[in-house]
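Enquirer: My questions are about this predicted structure, shown below with the sequence.
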Amino acid sequence: MEKPYQILAISGSLRAASTNTQILEKISQWVPDTVSWQIYEELAQIPPFDPDYTEYPVAVEQFRTHLLAADALVFCSPEYVFGVPGVLKNLLDWTSAFSSGEWHEKPTAVITASILGEKAHESLRLTLGILGARILENTSLLISHARTKMDKPETEADLKAVLNALLQELTEKPVLQ
Ligand SMILES: Cc1cc2nc3c(=O)[nH]c(=O)nc-3n(C[C@H](O)[C@H](O)[C@H](O)COP(=O)(O)O)c2cc1C
């Protein structure tokens, strides 16, 4: 049976041992049964954005379907050379061509797990906001020095707080303790 809420989670790192992907996997353990949690796995299949496109490439169309179905989104990304990783920005550039309300004020969490990460964090929040996602302060989290901090209780508490705030947006009531 389809669950009432669907969250699409997107890692900005293609690395097999990515800290950011691990954080999304960690969060998945806390997602309540009423919520479907899907980690997007086809980022590497997205072709370079070309404004001269005549139709969406298959991978882009498939992402559009995921985006339309999602009630909320969670991004978790590193910073590369003071910016959003190109693979993730490329995906977002494609979505700027969508015109059927795919973002439509969807509650969106932005987690940046990096060595520093401040610039990519702000840049990703800005890009998602202009695309139409609903970016909230309590669903944004910058985790600097992430590799040493990701399993610490304080980090887990911060991640749970972000998830809880997102769930609250979806269901109007807190779900986690
Ligand atoms: C090409 C490249 C550029 C990077 N530039 C930055 C940077 O500007 N700021 C930063 O905080 N970390 C930077 N890093 C380090 C990443 O934050 C770090 O490797 C992080 O763990 C990558 O995320 P992941 O573990 O999810 O793959 C860079 C890493 C790479 C590979």
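Expert: Here it is on my side, so go on. Everything quoted here is computed from the prediction, not taken from an experiment.
Enquirer: Is the residue positioned nearest the centre of the chain in a helix, a strand, or coil?
Expert: With distances taken as C-alpha atoms, centre = their mean, residue 75 lies nearest the centre of the chain, 1.7 Å away. What DSSP: H, G, I helix; E, B strand; the rest coil gives for residue 75 is strand.
Enquirer: Likewise for residue 141?
Expert: Here residue 141 takes the strand state, with states given by three-state DSSP.
Enquirer: number of nearby residues for it?
Expert: Other residues near residue 141 come to 19 when the count uses other C-beta atoms under 10 Å. C-beta coordinates here come from the backbone N, C-alpha and C atoms, glycine included.
Enquirer: and if you look at the one 10 residues further on?
Expert: Burial of residue 151 is recorded as 10 neighbouring residues (other C-beta under 10 Å).
Enquirer: again with residue 52
Expert: The number of residues packed near residue 52 is 4, by other C-beta under 10 Å.
Enquirer: does the closest residue in space to residue 82 that isn't next to it in sequence sit in a helix or strand, and which one?
Expert: In space, and not counting its chain neighbours, residue 82 is closest to residue 119: 4.6 Å by C-beta to C-beta, 6 or more residues apart in numbering. If you go by DSSP states H and E, residue 119 is part of helix 118-131.
Enquirer: by contact count, what packs against that helix?
Expert: Using 3 or more C-beta pairs under 8 Å, 6 or more residues apart in numbering; DSSP states H and E, the elements in contact with helix 118-131 are strand 72-77, helix 86-95, strand 107-114, strand 134-144.
Enquirer: which residues are contacting that helix?
Expert: For helix 118-131, contacts defined as C-beta atoms under 8 Å, 6 or more residues apart in numbering pick out 12, 75, 77-80, 82-85, 88-89, 92, 95-96, 103, 108, 110, 112, 114, 135, 140, 142, 144.
Enquirer: And the buried ones among the residues you listed, selectable in ChimeraX?
Expert: This is the ChimeraX syntax for the buried subset of the contacts of helix 118-131, where burial follows 16 or more other C-beta atoms under 10 Å:
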select :12,75,77,78,79,80,84,85,88,89,92,95,103,108,110,112,114,135,140,142
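Enquirer: Get me the contact residues on the chain for the ligand.
Expert: Residues of the chain found near the ligand (C-beta under 6 Å from any ligand atom) are 13, 15, 18-20, 78-82, 114-117, 147.
Enquirer: When you compare pLDDT across those, which one is lowest?
Expert: The lowest pLDDT within those belongs to residue 147, with 94.
Enquirer: How about that residue, nearest residue that isn't a chain neighbour?
Expert: Residue 147's closest residue in space is residue 19 (C-beta to C-beta, 6+ apart), at 5.5 Å.
Enquirer: now the one you found: how far from residue 77?
Expert: Taking C-beta to C-beta, to the nearest Å as the measure, residue 19 falls 10 Å from residue 77.
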